[in-house]
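# just a sequence and a predicted model for now, questions to come.
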Amino acid sequence: MRLTRNRPSSSGFTLVELLIVLAIFGSLMGMIFSSLAESQNASAIARDESEMNQNLQDVFSLMTSEMRSLGFPPASYYDQSFLQNPSSPKNLVAQGLVEASSSVLKFQGDINGDKTVDYVHYYVSGGAAPYSLHRFSGSMNPDGSLPGGSAQKLSEQLESLQFRYFDRSGNETANLPDISTIELRVTMRTKRIDPLTKIHRTLSESTRIHPQNL
């Protein structure tokens, strides 16, 4: 009588096969997580770029709108007897440009149409980009003194701000009485670095403004 032995089943996995499966599974999971990370980075950059664009449009719209009212109303709107009267309110006549440099602009003008002259001061702070863009404004006091209060921060994503000034012949000038046209250029940048280019994305807007009272 022959005895038979039970042989081990051949349907299970060997250790080598398990290691191969785990390696493939790990590789697939790595690809999936990498793809998810790239997708999340792309989504974050897209949101950042959208926020930068909106901030640029808001800042640019505000600045250009206010700069068009620069110098309004001029002294020519009033007769000499009014201007020579010591009690005449000095907040009814706009001086126009007060200071004009490449990154600072101070001016007077009735920017909101309330028949009272406003004082506006745009300036930049910070040692390196991104800079902060500030706006100080308020109605002039009846005696012509500047308004009180604190400045408003318009943006913390400023890459650069540049003003340029031109006379009526189109020549660049730094002399306040000769300025008739102001060129404004604003450049914003994203908060995050683009993972592909390793630099911040930027967006610029520029225009030339011709205030009618300069």
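Okay, I see it.
# other SSEs contacting the lengthiest helix in the chain?
When the chain is parsed with DSSP state H, its longest helix is helix 15-67. Identification of packing neighbours for helix 15-67 by 3 or more Cβ pairs under 8 Å, 6 or more residues apart in numbering; DSSP states H and E yields strand 105-109, strand 131-139, strand 152-166, strand 181-193, strand 200-209. C-beta here means a position set from N, CA and C on the backbone, and glycine is covered the same way.
# one more time with 10 Å, if that's ok
Secondary-structure packing of helix 15-67 (3 or more Cβ pairs under 10 Å, 6 or more residues apart in numbering; DSSP states H and E): strand 105-109, strand 118-125, strand 131-139, strand 152-166, strand 181-193, strand 200-209.
# how far off strand 181-193 does it point, in degrees?
Taking axes from the mean of the first three to the mean of the last three Cα atoms, to 10 degrees, helix 15-67 and strand 181-193 form an angle of 160 degrees between their directions.
# for the helix or strand just after helix 15-67, give me every contacting residue.
Using DSSP states H and E, the next helix or strand after helix 15-67 towards the C-terminus is helix 80-84. The contact list for helix 80-84 (Cβ atoms under 10 Å, 6 or more residues apart in numbering) reads 75, 76, 77, 88, 89, 90, 92, 93.
# ok, now how distant is the fifth one from residue 66?
What that stands for is residue 89. Using Cβ to Cβ, to the nearest Å, residue 89 is found at 22 Å from residue 66.
# of those two, who's got more company?
residue 66 (20 against 15; other Cβ atoms under 10 Å).
# for residue 96, give me its contacts.
By Cβ under 10 Å, 6+ apart, the contact list for residue 96 reads 70-72, 74-75, 107-109, 176-177, 179, 211, 213-214.
# just the buried members of the residues you listed?
Buried subset of those (neighbour count, 16 or more other Cβ atoms under 10 Å): 70, 71, 72, 107, 108, 109, 179, 211, 213, 214.
# give me the pLDDT for the third one.
So that's residue 72. Residue 72 is assigned 96 on the pLDDT scale.
# mind listing what it touches?
Counting by Cβ under 10 Å, 6+ apart, residue 72 touches 93-94, 96, 108-111, 113, 117, 211-214.
# cutoff 8 Å now
Residue 72 makes contact with 94, 109, 110, 211, 212, 213, according to Cβ atoms under 8 Å, 6 or more residues apart in numbering.
# likewise the fourth one?
With contacts defined as Cβ under 8 Å, 6+ apart, the neighbours of residue 107 are 67, 70, 71, 95, 96, 97, 98, 119, 120.
# now for these: which two are most distant?
Spatial extent of the contacts of residue 107 (Cβ to Cβ) is set by the pair 67 and 95 at 14.7 Å.
# more neighbours: the two, which one.
Shown here are residue 67 and residue 95; by other Cβ under 10 Å, residue 67 has more neighbours (21 against 18).
# for the closest residue to that one other than its chain neighbours, name its beta-bridge partners.
Leaving aside its sequence neighbours, residue 67 sits nearest to residue 209 (Cβ to Cβ, 6 or more residues apart in numbering; 5.0 Å). Assessed by DSSP bridges, residue 209 has beta-bridge partners residue 182.
# could you list the low-pLDDT ranges of this structure?
Scanning the chain for pLDDT under 70 picks out the ranges 1-13, 17-18, 21, 32-42.
# let's see 50
Along the chain, the parts satisfying pLDDT under 50 run over 3.
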